[in-house]
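> have a look; sequence and predicted model below, questions after that.
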Amino acid sequence: MTHTDLRRSWISSANGHPDFPLQNLPFGVFSPPDGTPRGGVAIGEHIFDLKVACDAGLFVGAAADAALAACTSQLNELFALGAGPRRALREQLQALLAEDSPARERLQAMGQALLPTMSSCVLHLPARVGDYTDFYVGIHHACNVGRLFRPDNPLLPNYKHVPIGYHGRASTVVVSGTPVRRPCGQTLPPGAEAPQFGPSRRLDYELELGIWIGPGNPLGEPIPIAEAERHVAGYCLLNDWSARDIQAWEYQPLGPFLAKNFATSVSPWVVTAEALEPFRSPQPPRPAGDPQPLPYLLDPADQARGALDIQLEVLLQSAAMREQGLAPVRLTLSNSLYMYWTVAQLVAHHSVGGCRLQPGDLFGTGTLSGPEPDSFGSLLETTFGGRQPIDLPSGEQRSFLEDGDEVILRARCQREGYPSIGFGECRGLILPAR
């Protein structure tokens, strides 16, 4: 099935669904009512239960191998198989779920056992995260933050030569909907000579894409950039929660530590490279005078189609807004085209020194801000370091996040002549510090 094939599904809620039509079919891990965690596929308002499907013998060949690998409580085994089996499973799923499927009556007869409603299920972290690396590829974000601290020299000299990243904390990566507790740590208040300890007063979100790694590489063997995409299992939304006041005190000389290790939220569904194929784009040209990437980071095919055109949103709903029945308000509309480096460049650079990547490793892109204030991907930028608070429909103002605030990330791919697909939501509610 091609993406220009606009066939509908016999699952009515999938037709015209903003996130999960037949052309998406992202993978995730869920618990059905009174069931144990296992792999599933989002389709409309339902989840296709891969374990039930395997038990019923619905798949054959490489697709059966992929489905069986996804029947457990973690998708690492599916990620490890690579693109071939994953594509075979996707193709057979599309054939089974299409409106003209010969298996339609049989599958409909299986009812909720095969297709429980998403609202009746619990969604889990898609995979066991062995390692988590957060990059810094949003050039507008890098410039905006740089201007706050270095007005005359926003970008450090290495930024346009090397993809910058730091090693994050895998144990605190959590699935959407998990509450985030305000962290405590050391801060240095303005004008003070000594630090104090207490809850962060400048808690922030960061709008990012997450990249799930598929097949890894042997220790000591770099992944060539021309092969890098084969090592990507799929994509999600990622919120790199940040305590800006803790970060400002601790980040020199080794970078983020407690300011970012308390929580990282990801959306539960893994959108595959196959689903995103129609939304690939040439990498935006570098501004005149920018250096050309070194040879190990430069591949003509990657420059021709290595970027992704994904609309990204941040919404906020305060406790007062919920009490007043006010809907979340959109703070940001941005796009993944603002990435200065491609995903393939991130994979190639991460492994070039011999670092071993493994199935289920997670990359964050870094904050994907656009060039205008309504496209900034963090409150640090939107409020210009807290100096220009934003107004909420409830009459409140925000410089940084308050207890009871819920941050919601969304993403959607749209292109004329193609069904739109989405990522679902990445939510996090701020709880008071202990």
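Sure, I can see it. Residues are numbered from 1 along each chain as shown.
> gap between Leu188 and Trp241?
21 Å (Cβ to Cβ, to the nearest Å). (Glycine included, C-beta is placed from N, CA and C.)
> also Ser369?
Ser369 is 16 Å from Trp241, by Cβ to Cβ.
> give me the more crowded residue out of the two.
A count of neighbours by other Cβ atoms under 10 Å puts Ser369 above the other of Ser369 and Trp241, at 29 against 25.
> tell me the confidence at Ala348?
Note on Ala348: pLDDT of 98.
> could you check which helix or strand contains Phe30?
strand 27-31 (DSSP states H and E).
> that strand packs against which elements?
Counting by 3 or more Cβ pairs under 8 Å, 6 or more residues apart in numbering; DSSP states H and E, the packing neighbours recorded for strand 27-31 are strand 38-43, strand 122-124.
> OK, contacts around Pro293?
Counting by Cβ atoms under 8 Å, 6 or more residues apart in numbering, Pro293 touches His161, Gln345.
> Three-state assignment for it, please.
State at Pro293, reduced to three classes by DSSP: H, G, I helix; E, B strand; the rest coil: coil.
> so Phe423 sits in a strand?
Yes - counting by three-state DSSP, Phe423 is part of a strand.
> that one: neighbour count?
Neighbours of Phe423 (other Cβ under 10 Å): 27.
> what of His161?
13.
> I figured it hits Arg286, correct?
No - applying Cβ atoms under 8 Å as the test, His161 and Arg286 come out as separate, 11.5 Å apart.
> which one is Phe269 nearest to, not counting chain neighbours?
That one is not Phe; residue 269 is Trp. Nearest residue to Trp269 in three dimensions, chain neighbours excluded: Pro26, at 3.9 Å (Cβ to Cβ, 6 or more residues apart in numbering).
> pLDDT at the one you found, what is it?
On the pLDDT scale, Pro26 is placed at 98.
> neighbours around it, how many?
Neighbour tally, Pro26, other Cβ under 10 Å: 26.
> how far away is it from Ala411?
Going from Pro26 to Ala411 by Cβ to Cβ gives 11 Å.
> any chance you could list residues touching both of these two?
Here Pro26 and Ala411 have Phe423 as joint contacts, going by Cβ under 8 Å, 6+ apart.
> quick check: longest helix in the chain by residues?
The single longest helix within the chain, with elements called by DSSP state H, is helix 83-97.
> next secondary structure after that helix?
Toward the C-terminal end, the helix or strand that comes next after helix 83-97 (DSSP H and E) is helix 104-114.
> the least confident helix or strand in the chain by mean pLDDT: how far from the chain's middle?
Sorting the helices and strands of the chain by mean pLDDT, DSSP states H and E puts helix 139-149 at the bottom, at a mean of 91. Computed by Cα atoms, centre = their mean, to the nearest Å, the chain-centroid distance of helix 139-149 equals 22 Å.
> could I have it exported to CSV, CA atoms only?
Presented in CSV, the C-alpha positions along helix 139-149 are these (Å, rounded to 0.1, in the frame of the first residue of the first chain):
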residue,chain,number,x,y,z
ILE,A,139,19.7,26.4,15.8
HIS,A,140,17.1,29.0,16.7
HIS,A,141,16.9,27.7,20.2
ALA,A,142,20.7,27.7,20.5
CYS,A,143,20.8,31.3,19.3
ASN,A,144,18.0,32.4,21.5
VAL,A,145,19.5,30.9,24.6
GLY,A,146,22.9,32.1,23.7
ARG,A,147,21.7,35.7,23.4
LEU,A,148,20.4,35.6,26.9
PHE,A,149,23.8,34.7,28.3
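> tell me the secondary structure for the spatially most distant residue from the centre of the chain?
What lies farthest from the middle of the chain is Glu193; by Cα atoms, centre = their mean that is 39.3 Å. Following three-state DSSP, Glu193 is assigned to coil.
> tell me, what's the model's pLDDT at it?
pLDDT, Glu193: 92.
> quick check on the nearest residue to His167 once chain neighbours are set aside: phi, psi?
Leaving aside its chain neighbours, His167 sits nearest to Thr133 (5.9 Å; criterion: Cβ to Cβ, 6+ apart). For Thr133, the backbone dihedrals (degrees, to the nearest 10) come out as phi -120, psi 130.
> ditto for Arg398
Dihedral angles for Arg398 - degrees, to the nearest 10 - are phi -140, psi 130.
> and for Gln345, the neighbour number?
26.
> what's the first helix or strand after the host helix or strand of it?
Here Gln345 sits within helix 343-351, counting by DSSP H and E. Using DSSP H and E, the helix or strand that follows helix 343-351 towards the C-terminus is strand 362-364.
> so for the next helix or strand along the chain from that next one, mean pLDDT?
Using DSSP H and E, the helix or strand that follows strand 362-364 towards the C-terminus is helix 379-382. Averaged across helix 379-382, pLDDT comes to 97.
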